[in-house]
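In: show me how the following folds:
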Amino acid sequence: MMDARRIRRDFPVLEQMVNGRPLVYLDSAATAQKPRPVIEAVRRFYEEYNANVHRAIHTLGERATAEYEEARRKVARFINAPGPRSIVFTKNATESINLVAYSWARGNLKPGDEILVSPIEHHSNLVPWQLAARATGARLRFFDVTPDGRLRLDNLEGLITERTRLVAVTHVSNVLGTIVPVHEIVAAARRVGAVVLVDGAQSVPHMPVDVQALGCDFLAFSGHKMGGPTGIGVLYGREELLERMDPFLGGGDMISAVRLESSEWADLPHKFEAGTPPIAEAIGLGAAVDYLGGIGMDQVHAHEQRLTAYACERLREVPGVTIYGPEERGGLVTFNVGDIHPHDLATVLDQHGIAIRAGHHCAQPVMDWLGVPATARASFWIYNTEEDIDRLVDGLRAAKEFFGHVP
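Out: Okay, here's the model as predicted:
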């Protein structure tokens, strides 16, 4: 069993007081805090070998290139990709999904084709497909959702048909915590030759993810949600698909030859990494992968499962609390407290040193489905403890008292 209290000491930001109280950070689904090894890796780059990559033959440039490409190899191993050529660095999961929407979808979809999306997606895995459908004449279709927030999969044969060209689905919902059985969806898509993109922003930082076992064609995730820096994301893609796709952006470093009226693209993955890439950020992500690998993703997932079960149990002790989503879920709990607006709730909790997320969580169709304008969300990671959840419950009781909701 991992020791969250020991791990917490690796995160400098968690040592501070907020409004006179020790900080309880319960917003890791939005962005995770950074451990010292990541901070140090970024610092060393800027202090010791700051240089551009793939361009210079001087010592600093060669070291920067070596560290940048080693980070790519680390990421490939972390998700069990076949090799580093299938790992494209982007600025975040949103850009990774947009890359596929532009470079794959616009070259492969036509009128009458169908894109199957789930209604529980983050906007990042919905809006790009709306744009792709508008540009190509393809049609959006949607999974059905059970009353507790799981995807209905007993009607896959009627949903995934010969018209289906792409299935875009989250691995873990950022609102409901729903863990989607991607394997079943991939198997159904394979039968009709459809491509599957998985949004792994809420799964890769929290559980073991093996792209070869999942069988997906594309996987997108962000570095900042797994202890890495902001400004770095990853797109995993099957090499045969990436090879056939046009570049997403044009410019330097993504070419092998340029003439006045035509160009030839660089080899994978560089044809998708135009201009100066996020060098320090990739190196920091490599350090985050090392850090998580040292803990073990099985341990991370087991710890979060224990915390989430405890959180649901404690929250149900508070009168007026409504919890959304299925019993089996990822490491987050989304809820409301009576008629207290989530923004007001989060403001009171902040006065107690407790950081949560409040709003529509970039998932307005989910709010529409729930029939609420917004929700509160507490999300957990490797540095959270049961004491953090106890502080949250005490804060909710204080908020109820403040707004006159007694008991």
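In: only C-alpha atoms for contact and neighbour calcs from this point on.
Out: OK.
In: in stretch 270-285, what's buried?
Out: The neighbour-count check on stretch 270-285 (16 or more other Cα atoms under 10 Å) flags 270-274, 277-285 as buried.
In: repeat that for stretch 327-338.
Out: 329-337.
In: return the member of the residues you listed nearest to residue 321.
Out: Using Cα to Cα, residue 337 comes nearest to residue 321 of the buried residues of stretch 327-338, at 4.4 Å.
In: how about the contacts made by the closest one?
Out: 320-322 (Cα atoms under 8 Å, 6 or more residues apart in numbering).
In: double-check residue 217 against residue 240; I have them as touching.
Out: No. Judged on Cα atoms under 8 Å, residue 217 makes no contact with residue 240 at a distance of 9.7 Å.
In: ok, back up a step: need the max-distance pair from the buried residues of stretch 270-285.
Out: Taking Cα to Cα, the two most distant members of the buried residues of stretch 270-285 are 271 and 284; they sit 22.3 Å apart.
In: sorry, back to before: looking at the buried residues of stretch 270-285, which one is closest to residue 100?
Out: Nearest member of the buried residues of stretch 270-285 to residue 100, counting by Cα to Cα, is residue 272, at 10.6 Å.
In: the closest one reaches residue 247, doesn't it?
Out: Yes. The pair residue 272 / residue 247 is scored as a contact, 5.4 Å apart, by Cα under 8 Å.
In: show me where the stretch 301-407 of the chain has helices.
Out: Remark: helices assigned in the stretch 301-407 of the chain by DSSP state H, counting those that start in this stretch are 342-351, 364-370, 386-402.
In: which one of those lies closest to residue 189?
Out: Residue 189 sits nearest to helix 364-370 of all these, at 24.3 Å, using Cα to Cα.
In: distance between that closest one and the chain's centre?
Out: From the chain centre to the centre of helix 364-370 is a distance of 19 Å (Cα atoms, centre = their mean, to the nearest Å).
In: do the same with stretch 68-79
Out: Averaging C-alpha positions (Cα atoms, centre = their mean) puts stretch 68-79 17 Å from its chain's average.
In: coming back round to it: out of the helices of the stretch 301-407 of the chain, which comes closest to residue 232?
Out: Closest to residue 232 of the helices of the stretch 301-407 of the chain, according to Cα to Cα: helix 364-370, at 25.1 Å.
In: using CSV, write down the CA coordinates of stretch 178-189.
Out: This file holds the C-alpha atoms of stretch 178-189, laid out as CSV (Å, rounded to 0.1, in the frame of the first residue of the first chain):
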residue,chain,number,x,y,z
THR,A,178,-17.5,6.7,-15.2
ILE,A,179,-14.9,4.2,-16.2
VAL,A,180,-15.8,3.2,-19.8
PRO,A,181,-15.1,-0.4,-20.9
VAL,A,182,-13.1,0.7,-23.9
HIS,A,183,-12.2,-2.9,-24.9
GLU,A,184,-15.8,-3.7,-25.8
ILE,A,185,-16.2,-0.6,-27.9
VAL,A,186,-12.9,-1.2,-29.7
ALA,A,187,-14.0,-4.8,-30.5
ALA,A,188,-17.3,-3.6,-31.9
ALA,A,189,-15.6,-0.9,-34.0
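In: which residues touch that stretch?
Out: Here stretch 178-189 has contacts from 149-151, 153, 156-157, 160, 164, 167, 170-173, 195-196, 198, 214-216, 325-326, 328-330, using Cα under 8 Å, 6+ apart.
In: go again using 6 Å as the cut-off
Out: 171-172, 214, 329 (Cα atoms under 6 Å, 6 or more residues apart in numbering).
In: and stretch 260-278, end to end?
Out: End-to-end distance for stretch 260-278: 28 Å, by Cα to Cα, to the nearest Å.
In: now do it: distance to the chain's middle.
Out: On Cα atoms, centre = their mean, the centre of stretch 260-278 falls 26 Å from that of its chain.
In: wait, a helix at residue 190?
Out: Yes. Counting by DSSP: H, G, I helix; E, B strand; the rest coil, residue 190 is part of a helix.
In: separation between it and residue 183?
Out: 11 Å.
In: next: residue 17.
Out: 44 Å.
In: equivalent analysis for residue 116, please.
Out: Taking Cα to Cα, one finds residue 116 at 16 Å from residue 183.
In: more crowded one of these two?
Out: Remark: of residue 116 and residue 183, residue 116 carries more neighbours, 22 against 13, as counted by other Cα atoms under 10 Å.
In: first-to-last residue distance for stretch 358-375?
Out: End to end - Cα to Cα - stretch 358-375 spans 6 Å.
In: make residue 1 into 14 and carry on from there
Out: Right, with 14 as the first residue, what we last looked at is stretch 371-388.
In: list the buried ones in that stretch?
Out: Quick answer for stretch 371-388 (16+ other Cα under 10 Å): 371-374, 376-380, 383, 387-388.
In: now residue 351: closest residue in space, sequence neighbours ignored.
Out: residue 333 (4.8 Å; Cα to Cα, 6 or more residues apart in numbering).
In: what distance do you get for the one you found to residue 409?
Out: Taking Cα to Cα, one finds residue 333 at 10 Å from residue 409.
In: got any ranges where this structure has weak pLDDT?
Out: 419-420 (pLDDT under 70).
In: do that again at 90, thanks
Out: Scanning the chain for pLDDT under 90 picks out 14, 68-69, 417-420.
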